[in-house]
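Q: For reference, the sequence and a predicted model appear below.
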Amino acid sequence: MTETIRTLHTSLLTPVELTAIRSLLDDAFDGDFSDEDWDHGLGGMHTLVHDAGGELVAHGSVIMRRVTHGGRSGRSYRIGYVEALAVRADRRRQGLGGRVMDALEEVIGRAYEFGALSASDEGAALYRSRGWRLWEGRIQGLGPDGVVSFPEEEGSTFVLGEAPDPAGALAFDWRDGDVL
């Protein structure tokens with residue numbers, strides 16, 4: 001089959017495309033894709049893969065996030081965070097996730113200091129095979145009341161590129177729903 005791949009900003013997506021993306025994500029995550037999850041994937045660059053008939057078969061986005069490292073003496077990084085990666089069930093294991101990641105990783109490499117994502121157990125093998133490294137340090141969020149630790153995210157957060165030393169924590173900007 002011949003697929004078409006496009007990468008474009010959220011602002012350039014039509015209402016029909018946004019509806020198709022949300023439907024794909026709802027189906028791919030078996031209805032466990034919340035409104036907050038949807039919001040997290042907007043405002044950045046999207047890669048869409050359509051089959052020869054024009055049906056959306058895969059999607060992913062990379063959005064800008066701020067992450068600090070090293071506490072008070074550390075620094076803030078502008079990173080590309082991968083969100084909303086999904087492949088239609090009948091098209092999985094055909095390389096489409098890798099094609100989406102090719103495009104998203106190009107965006108990360110050109111626009112951000114490094115990349116990050118939170119992987120499911122099922123998705124971790126894909127990311128490892130592409131050179132993403134498991135973050136071995138602590139994971140935190142900069143919440144309204146200060147720093148919040150997320151030990152449950154340790155072991156599922158991956159980085160790509162020149163990430164800082166894992167001896168210090170990565171503290172992600174706060175957002176509604178799941179912070180990571």
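A: Received, thanks.
Q: Find the nearest non-adjacent residue to Gly177, please.
A: Excluding the flanking residues, the one nearest Gly177 by CB to CB, 6 or more residues apart in numbering is Glu36, at 2.5 Å. Where you see a C-beta, it was placed from the backbone N, CA and C, and this is true even at glycine.
Q: how far away is the one you found from Leu13?
A: 19 Å (CB to CB, to the nearest Å).
Q: And those two? Which one has more around it.
A: Regarding Glu36 and Leu13, a neighbour count based on other CB atoms under 10 Å identifies Leu13 as having more, with 17 against 11.
Q: pretty sure Ala84 is touching Gly60, no?
A: Yes. Counting by CB atoms under 8 Å, Gly60 is a contact partner of Ala84 at 6.2 Å.
Q: who has more neighbours, those two?
A: Gly60 (26 against 23).
Q: quick one: contacts for the residue in the chain sticking out farthest from the centre?
A: Ranked by distance from the centre of the chain (CA atoms, centre = their mean), the top residue is Ser73, with 27.7 Å. Ser73 makes no contacts at all, as judged by CB atoms under 8 Å, 6 or more residues apart in numbering.
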